[in-house]
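In: need a structure here:
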Amino acid sequence: MDIDKELKAFEEKIKEIFFYSSRYGVYTMFNGAEPPLDGFDSKQLNRHCLDGFKIAQTKIVEELRALQTKSKQYQEDIKQAKRERNKDAENTLTKELSVLNYQSDIFRNLADAIAWQMLNGNHYFLRRLYTHETGEKDLLDKSFDYVIDFSNKINANPDAFCLISDITNNIQLGDCLIVDEEGIKISEIKSGEANFKALNIIKENELTESDFNEEKLKEEFDEKFVKQLKRMLAQNAKTERASKIIHDNRGDDPKYKDTKVYITESDTEIETYHSSLINLINQLDGKDWAYDCIEAIVHIGVYKNDWRLYGQFSMKQLCDPFPFIDLMASRGIAISEPVFLKPIGDDKIIDLVLGRIKIYIGIDVEKFIEFSNFLGIKASWSSSKELHKYLDNSKYNSKEIFSFNNKGIKIEIDGKELFLGQGFFSKMIFDHILPSTMLLKYQSSIRNTDFGNLFEN
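Out: Below you'll find the model as predicted:
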């Protein structure tokens, strides 16, 4: 692999897809000029934006399929190198495979940027479409062609767009996320004789997840087919629950069906530290590093050239004992603002994606707790015993709850004690929301909710 040549080609590809996924609509509508605030045809602008999404998706699918083909070959070559005990070849191939995986993540982040725009950046909707599943779908499988065909049919409508879920990181419910004149829809696509048979059985017997009688069905069908029915019903139920929340702002959680979800209105204005981040990045025009601390809690270091390495040592000292995170790690975070939608300028976004600049962010959790109490929101570390008791009684994955050194953070609001989730801090790091805003928004949400314990994720 010629790394320099591959990198240059990769840069050109992401620049092109970035343009179509985020800039094409406005650029085409106004011929590259600054758009006016009003007095334009909003429907036509929307059509241009959807056209850009469609072009971008076609290119993303093409790139991801090509990368999967290469990746499969590399995995076979690595196995062969291991069998031959050729450590040098194994290390070289593993390094090159990691480059392919990174490129795949970036193309998926571009698809996430489309999803983010379709849902207007609403975390609470995106969260319902993410089920914490692991593993990558095989885009080379024949069944994926059916999804592409379905998407193309929807995309023939100038006022609709069908995003294929499997090319994103964030959308894990349904095969497609569709936006049209009626709003947002989630669609399941089934192909193959076995799936059609299962769909007919479900329809004829009016089967649902809640009344599924596995033992009775095994009297008529083999165990493998019954399990397929069960999977399809579970998936359908998750999709229906997610659709209800998107349309009604309330309903059963798609993943944890016994948990109620309420989307509450908050009167807290969302304030970010975007302006500080932009200022730091602009300082790199004259030097190799810049640093700021937001509300004495959020440490931000921006670096280029050799300081991309030196900056790690500086951030480690500034954030100790708490970790700091590379902003590009957001591509692997379930729900966070995609890198390609950061308001830092197109050239800087590309520099960030290609590693020419580094942005490190860390949170001083002790200062956060102090600040929360200063605002009148009681906060404290839990004991290890309290954390594990909460996790044992919780339906949620332990990874969804924030913990450090086997302790969580308790927040008390109007007599309700809650444990903060990882997502609370992810929004401060990856969405750049001010700590004060997060705390006040959280307080407002709890006060406007009339149900028991919950946590922000």
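In: Which strands and helices lie in contact with the helix or strand hosting Ser426?
Out: Using DSSP states H and E, Ser426 sits in helix 422-430. Counting contacts by 3 or more CB pairs under 8 Å, 6 or more residues apart in numbering; DSSP states H and E, helix 422-430 packs against helix 123-128, strand 357-363, helix 435-447. Backbone N, C-alpha and C define where each C-beta goes, glycine included.
In: how does this protein divide into domains?
Out: 3-160, 193-262, 270-457 (automatic domain parsing).
In: pLDDT of the first one, averaged?
Out: Averaged across domain 3-160, the pLDDT comes to 92.
In: cool, the last one as well?
Out: Confidence for domain 270-457, expressed as mean pLDDT, is 90.
In: and if you look at stretch 215-233?
Out: Here stretch 215-233 scores 71 as its mean pLDDT.
In: Give me the distance from that stretch to the chain's centre.
Out: The chain centre lies 33 Å from the centre of stretch 215-233; the measure is CA atoms, centre = their mean, to the nearest Å.
In: Just the CA coordinates for it, please, in PDB.
Out: C-alpha atoms of stretch 215-233 as PDB (Å, rounded to 0.1, in the frame of the first residue of the first chain):
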ATOM      1  CA  GLU A 215     -43.600 -23.600  22.400                       C
ATOM      2  CA  LYS A 216     -46.800 -23.600  20.500                       C
ATOM      3  CA  LEU A 217     -45.200 -22.500  17.300                       C
ATOM      4  CA  LYS A 218     -42.500 -25.200  17.700                       C
ATOM      5  CA  GLU A 219     -45.400 -27.800  17.300                       C
ATOM      6  CA  GLU A 220     -45.800 -26.500  13.700                       C
ATOM      7  CA  PHE A 221     -42.400 -25.100  12.700                       C
ATOM      8  CA  ASP A 222     -38.800 -26.200  13.200                       C
ATOM      9  CA  GLU A 223     -36.800 -24.400  16.000                       C
ATOM     10  CA  LYS A 224     -34.700 -22.400  13.600                       C
ATOM     11  CA  PHE A 225     -37.700 -20.900  11.900                       C
ATOM     12  CA  VAL A 226     -39.400 -20.100  15.200                       C
ATOM     13  CA  LYS A 227     -36.200 -18.300  16.300                       C
ATOM     14  CA  GLN A 228     -36.300 -16.300  13.100                       C
ATOM     15  CA  LEU A 229     -40.000 -15.300  13.800                       C
ATOM     16  CA  LYS A 230     -39.000 -14.300  17.300                       C
ATOM     17  CA  ARG A 231     -36.100 -12.100  16.000                       C
ATOM     18  CA  MET A 232     -38.300 -10.400  13.400                       C
ATOM     19  CA  LEU A 233     -41.100  -9.700  15.900                       C
END
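In: Switch the domains of the chain over to CSV; also include distance to Gly174.
Out: Listed next are the domains of the chain as CSV, based on distance: least, CB to CB, whole Å:
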stretch, distance to Gly174
domain 3-160, 8
domain 193-262, 5
domain 270-457, 16
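In: following the lengthiest helix in the chain, which helix or strand comes up?
Out: Ranked by residue count, the top helix of the chain under DSSP state H comes out as helix 42-83. Note on helix 42-83: by DSSP H and E, the next helix or strand toward the C-terminus is helix 87-118.
In: Pull out the buried residues from that following helix.
Out: For helix 87-118, a neighbour-count test (16 or more other CB atoms under 10 Å) marks 90, 93, 96-97, 99-100, 103-118 as buried.
In: hey, where'd the helices end up in the stretch 301-450 of the chain?
Out: Under the criterion DSSP state H, counting those that start in this stretch, helices of the stretch 301-450 of the chain are mapped to 307-319, 346-353, 365-374, 384-392, 422-430, 435-447.
In: Which strands and helices lie in contact with the shortest one?
Out: When contacts are defined as 3+ CB pairs under 8 Å, 6+ apart, helix 346-353 sits against helix 3-22, strand 357-363.
In: Likewise for the last one?
Out: Secondary-structure packing of helix 435-447 (3+ CB pairs under 8 Å, 6+ apart): helix 365-374, strand 409-413, helix 422-430.
In: Could you do the third one as well?
Out: If you count contacts as 3+ CB pairs under 8 Å, 6+ apart, helix 365-374 packs onto strand 378-381, strand 409-413, helix 435-447.
In: chain center to the first one: distance?
Out: A distance of 29 Å separates the centroid of the chain from that of strand 378-381, by CA atoms, centre = their mean.
In: Contacts for it, please.
Out: Strand 378-381 is contacted from outside by 368-369, 372-373, 407-413, using CB atoms under 8 Å, 6 or more residues apart in numbering.
In: please redo it, this time with the cut-off set to 6 Å
Out: If you take CB atoms under 6 Å, 6 or more residues apart in numbering as the criterion, strand 378-381 is touched by 369, 372-373, 407, 410-412.
In: What of stretch 95-111?
Out: With contact meaning CB under 6 Å, 6+ apart, stretch 95-111 is reached by 1, 10, 17, 21, 60, 63-64, 67, 70-71, 74, 167-169, 331, 338-340, 353.
In: ok, back up a step: and the helices and strands packed on helix 346-353, which is most packed in?
Out: Mean neighbours per residue, mean count of other CB atoms under 10 Å, is largest over the helices and strands packed on helix 346-353 for strand 357-363, with a mean of 22.
In: Within its sheet, name the partner strands of it and how each one runs.
Out: Its sheet considered, strand 357-363 pairs with strand 298-304 (antiparallel), strand 324-326 (antiparallel) by DSSP bridges.
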